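K.L.:
coords please:
(2 chains)
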Amino acid sequence: MSTSTLPRAEAWPSTPSARRARRVQAVAFVALGASALAIMVPAVLFVGFVVVRGASAINWEFITAMPRDNMRAGGIMPAIVGSLYLVVVTMALATPVGILAAVYLSEYARKGPLVRAIRVAILNLAGVPSIVYGLFGMGLFVMVVMPQVLRLTRGGGESGKSACLLAAAATMAVLILPIVIATTEEALRQVPQGLRAASLALGATRWQTIWRVVIPNALPGILTGLVLAVGRAAGETAPILLTGAFFWMSHLPRPAEALLEPFMALPFHLFTVSTQMPDAPEKLRWGTALVLIIMVVGANSIGIVIRSWLRTRRKV
Amino acid sequence: MKLRRIGRVLEWAIELVIRSCGVASVVFVILILAFLLRNALPAFNSVSLGEALGGRLWRPTSNPPQFGFLPLILGSALVTVGSLLISVPIGIGAAVFLAEVAPRRVREIAKPIVELLGAVPSVVFGFVGLMLVGAWIQRASRAAGDALPGPDWLKTALNMPSSMAAITGAVLLALMTLPTIVSIAEDALDSVPERFRQGSLALGATRWQTIRGVTIPAARSGIMASVMLGVGRAVGETMTVLMVTGNAAVVPSLTTGLFRPVRTMTATIAAEMGETAHQTPHFHVLFLLGLLLFLITFCVNTTADIITHRGRHEH
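P.N.:
Numbers count the residues shown, from 1 in each chain, chains lettered A, B, ... in the order given. Take a look at the predicted model:
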C-alpha cells in the first residue's frame, strides 16, 4: 500500500469549507503523530535507562562468577547458564510438536469443525495468563508427571526434585507452542503450490514432498519463529516461579543431573534481587536487567531482521 | 512390492504423528482446564462460590481464613481499565498514523521500535517501575494535587502515600499492551482495500475525512479485536503488577482507589502460591482464582476471534 499515488491536499479548491477541512486534517494528523511519539519516546527511554545504568555493572566477573555474600556481590553466571538450559530444553520439547502441528494445519487439514477448534485452541493458548501456565505446570508436571519420572530414575541420585528444570521447560514449551505453530504455518503457506505439485508429479509421497521440498523452502521463516519463541522463553518469569526456578543454587547446572534439579534463571533472579532483597546493591540489579534484555531483545532482533529481510526479498 | 508396502505403512505412521501434533493445542487447552478444575474444586469444601465472588475480605492466613475475591477482582479491573484508558486511544492513534499517515521511512523506523517494546520481558517492566517510574508518577501526582484547584477528594487522592499504586501498574501495563494493540490494529487498517480510500478521495474528501469516514469504519472489527487482545494481556499480566501495585488486598475506594496500593488476581497467585502448603484450603482457593482468570481470558480471547472472523466476511 502506498499513499504517494494519491492526489495531494493542495489540489483541492480553496473554498472556506475546504480550508476548514484541511485545518481539521492538520490538527488530526498532529494528534496521530503525537500518539505514535507517545509510544516511541517511552520505549527508547525505557530500554535506554536499563542500558545506561546496567552497562557500568557488567564486566567479566559479573558474567562469569558465582554470586557471593548471599547474592549481594559477585556474578550471575548460574542464572545465565540456567536460563540457557531452560531455553534449550524448552525448544527441544516445543519445536517438533509445533512444526508438525503447523504441517498438519497447512498441508493436511481440510476446513471443518476440527480445524476451527484447533484455531480457537491456539488463540486461547496464546492468551492464557502466564501465571495460569504456572498453576497448570505445577498441577500436571510437578505434582503428577515428575514424581513418576523420579521414581523410575531413582537410581540416578538423591538430588532430584519434582519442581525442576524439566517440569519448568515442559510448562514453558506449552506456553511458546502457539508462537511456533503460527509462525511456522505462515512460512509453510508461503511455499508456492507449484513446488508441491512438481514433487508429487515426480512420484514423491506426501511426506517426502513435505520433508524434502516444503520444509526446506520454508526454513528461514520457521527459524524466525523459533528465534522469537526463544526470546519469549528466556524472558518469562511467572510460569517458572511455581515449577522449578530457585533463587539460589550452590553450583552450576551439571548436564547429567540438571534436568531433575531446580535451577536459577535470569528473570527470576532479577525478580528476587529487586523485590526480596531490599539491601541488594542497585548496580547488581541494573546489571541483571541489562543482561536479561540483551538476551531477550537480542533473540527478538535477530528474528525481526530475518523476517523483514524475507519480506523484502519476497516482494522483489 | 514389499518395499512399497513398508513405505505405505511408514507414510501412514508419519501422518498419524502429524495429526496428533495437530490436535496437541486442543489437548493442552483441555489439560489446562482439567488440572485447574482438579485442584480448584476442593476449594468448595471451605468456601462457597457466592462467598468467594462476593466476599470483601481476602485474609487467607487468618483464623478462620477469609477467601473473598472481591478486592482482587476489583484490583485487576481497576488496573486493567486504567491501562486501557491510556493504551486504547494512543494505540489506535499510533496505528492509524503508521498505517495511513506516516511516510514509509518513518514507518520502517517505528515498527521495529514497537516490536522491541513488545519483546521486553514483564519482569523488566516491573523492575524499572519499581526503581524509577513509580517515584516519577508519585511526584507528578503530588505536584498535580498541589497545583490544581480541584475538590478536596481529588487532592486527597492525588497525594499518593506510596509510589506503589494502581496507577503505577496501569501506566506500565499500558506500555506493555501498546505493541499488541498497535500491531494488530495496523494490520487491520492495512488490509482495507485501496479502492475504498480512492473512492472516498475521488469524491473530494480529504485524507483525514477518508480515514475517519471510510478506513477506520472498514477496519472496525480488527481494531476492536486488537483492543480485546489488549484487555486479555492486561488482565493476565503478572510480574509487573506484582512488583509495582503495592499488593494491598483491599476493596479499592471509588474516589482514591486509583492512587492507592491494590492487588490483582494474578499477583495474588504469584505471591502466595510459593508459600502455601499443597492440598490446603488456601492452595485450592488459589487454583480457583486461577480458574476464574482462565475463564475470563478465554471469553475475552474468543470474543476477539469471533469479532475478527465476522469482520473478514465484510469486505
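K.L.:
can we go C-alpha only for contacts and neighbour counts from here?
P.N.:
Noted.
K.L.:
who touches the residue of the stretch 101-250 of chain B at minimum distance from chain A in this structure?
P.N.:
Nearest residue of the stretch 101-250 of chain B to chain A (C-alpha to the nearest C-alpha) works out as B:G236 at 4.2 Å. Neighbouring residues of B:G236 by C-alpha atoms under 8 Å, 6 or more residues apart in numbering or on different chains: A:V128, A:P129, A:S130, A:I131, B:T266, B:L293, B:T297.
K.L.:
What is the neighbour count of the first one?
P.N.:
A:V128 sits with 24 neighbouring residues when counted by other C-alpha atoms under 10 Å in any protein chain shown.
K.L.:
can you pull the contacts of it?
P.N.:
B:G236, B:F294, B:T297, B:F298.
K.L.:
Quick check: the gap between B:M160 and B:M243.
P.N.:
Distance, B:M160 to B:M243, by C-alpha to C-alpha, to the nearest Å: 17 Å.
K.L.:
Compare neighbour counts for these two and give me the winner.
P.N.:
Ranked by neighbour count (other C-alpha under 10 Å), B:M160 and B:M243 place B:M243 first, with 25 against 22.
K.L.:
can you pull the contacts of that one?
P.N.:
Residues near B:M243 by C-alpha under 8 Å, 6+ apart: A:T275, B:G126, B:F127, B:G129, B:L130.
K.L.:
A:R23: neighbour count?
P.N.:
Look at A:R23: counted by other C-alpha under 10 Å, it has 12 neighbours.
K.L.:
Can I take it that it is in a helix?
P.N.:
Yes - counting by DSSP: H, G, I helix; E, B strand; the rest coil, A:R23 is part of a helix.
K.L.:
For it, give me the pLDDT.
P.N.:
pLDDT for A:R23: 90.
K.L.:
give me every residue that touches the residue nearest in space to the middle of chain A.
P.N.:
In chain A, the residue lying closest to the centroid (C-alpha atoms, centre = their mean) is A:R232, at 2.1 Å. By C-alpha under 8 Å, 6+ apart, the contact list for A:R232 reads A:I176, A:V296, B:A119, B:P121.
K.L.:
Around the closest residue to the last one other than its chain neighbours, count how many other residues there are.
P.N.:
Same thing as B:P121. Nearest non-adjacent residue to B:P121, counting by C-alpha to C-alpha, 6 or more residues apart in numbering or on different chains: A:G235, 4.9 Å away. The number of residues packed near A:G235 is 25, by other C-alpha under 10 Å.
K.L.:
Show me what the helix or strand containing B:E186 is packed against.
P.N.:
For B:E186, the host element (DSSP states H and E) is helix B:166-190. On a contact count with 3 or more C-alpha pairs under 8 Å, 6 or more residues apart in numbering or on different chains; DSSP states H and E, helix B:166-190 meets helix B:70-96, helix B:104-119, helix B:122-128, helix B:220-236, helix B:239-244.
K.L.:
Pick the most buried one from these.
P.N.:
Sort those by mean neighbour count, taking mean count of other C-alpha atoms under 10 Å in any protein chain shown, and helix B:239-244 sits at the top with a mean of 28.
K.L.:
Point out the other helices and strands that the next helix or strand after that one packs with.
P.N.:
Under the assignment DSSP H and E, the closest C-terminal helix or strand after helix B:239-244 is helix B:265-272. If contacts are counted by 3+ C-alpha pairs under 8 Å, 6+ apart, helix B:265-272 sits against helix A:130-137, helix B:70-96, helix B:239-244, helix B:281-312.
K.L.:
ok, the contacts of B:G236 vs B:L286, which is closest?
P.N.:
Nearest to B:L286 among the contacts of B:G236 is B:T266, at 9.7 Å by C-alpha to C-alpha.
K.L.:
Not counting sequence-adjacent ones, nearest residue to that closest one?
P.N.:
B:T238 (5.2 Å).
K.L.:
ok, now A:A170?
P.N.:
Nearest residue to A:A170 in three dimensions, chain neighbours excluded: A:T90, at 6.3 Å (C-alpha to C-alpha, 6+ apart).
K.L.:
and if you look at B:Q66?
P.N.:
Nearest residue to B:Q66 in three dimensions, chain neighbours excluded: B:R59, at 4.8 Å (C-alpha to C-alpha, 6+ apart).
K.L.:
Now do the same contact list for that neighbour.
P.N.:
Neighbouring residues of B:R59 by C-alpha under 8 Å, 6+ apart: B:P65, B:Q66, B:F67, B:G68.
K.L.:
from those residues, which would you call buried?
P.N.:
Among those, the ones that count as buried by 16 or more other C-alpha atoms under 10 Å in any protein chain shown are B:Q66, B:F67, B:G68.
K.L.:
Pick out the lowest-pLDDT one from the residues you listed.
P.N.:
B:Q66 (90).
K.L.:
Next up, the contacts around the residue of the stretch 201-316 of chain A found nearest chain B.
P.N.:
Closest residue of the stretch 201-316 of chain A to chain B, C-alpha to the nearest C-alpha: A:G235 (4.9 Å). By C-alpha under 8 Å, 6+ apart, the contact set of A:G235 is A:L266, A:P267, A:L292, A:V296, B:V120, B:P121, B:S122, B:V123.
K.L.:
B:V120 too?
P.N.:
A:G235, A:I293, A:V296, A:V297.
K.L.:
what sits up against the worst-scoring helix or strand of chain B on mean pLDDT?
P.N.:
Counting by mean pLDDT, DSSP states H and E, the weakest-scoring helix or strand in chain B turns out to be helix B:152-158, with a mean of 86. Around helix B:152-158, the neighbours that count as contacts under C-alpha under 8 Å, 6+ apart are B:S141, B:R142, B:A144, B:G145, B:D146, B:T255, B:T256, B:G257, B:L258, B:F259, B:R260.
K.L.:
now the fourth one: how far from B:S253?
P.N.:
Going back to what we said before, that points to B:G145. Relative to B:S253, and taking C-alpha to C-alpha, B:G145 is found at 18 Å.
K.L.:
Between those two, which is the more surrounded one?
P.N.:
Just comparing B:G145 and B:S253: by other C-alpha under 10 Å the higher neighbour count belongs to B:G145, 20 against 11.
K.L.:
tell me the phi and psi of the more buried one?
P.N.:
For B:G145, the backbone dihedrals (degrees, to the nearest 10) come out as phi -60, psi -40.
K.L.:
For it, give me its contacts.
P.N.:
B:L154, B:K155, B:T156, B:L158, B:N159.
K.L.:
Setting aside sequence neighbours, what's the nearest residue to the last one?
P.N.:
Distance criterion C-alpha to C-alpha, 6+ apart; nearest residue to B:N159, sequence neighbours excluded, is B:R142 at 5.0 Å.
K.L.:
circling back to that earlier point, with the contacts of A:R232 in mind, which one is nearest to A:A65?
P.N.:
Nearest member of these to A:A65, counting by C-alpha to C-alpha, is A:V296, at 21.1 Å.
K.L.:
So that closest one: helix, strand or coil?
P.N.:
Quick answer, by three-state DSSP: A:V296 is helix.
K.L.:
Pretty sure it sits against A:V227.
P.N.:
No - judged on C-alpha atoms under 8 Å, A:V296 makes no contact with A:V227 at a distance of 9.8 Å.
K.L.:
The two: which has the busier surroundings?
P.N.:
Applying other C-alpha under 10 Å to A:V296 and A:V227 shows that A:V296 carries more neighbours, namely 25 against 22.
K.L.:
pLDDT score assigned to that one?
P.N.:
Predicted confidence (pLDDT) for A:V296: 91.
K.L.:
Distance check, it against A:P239.
P.N.:
Counting by C-alpha to C-alpha, the gap between A:V296 and A:P239 amounts to 16 Å.
K.L.:
which bits of the stretch 151-300 of chain A sit near chain B?
P.N.:
Proximity of the stretch 151-300 of chain A to chain B, by C-alpha under 8 Å from any C-alpha of the partner chain, involves residues A:174, A:177-178, A:205-207, A:231-232, A:235-238, A:241-242, A:267, A:270-271, A:274-275, A:289, A:293, A:296-297, A:300.
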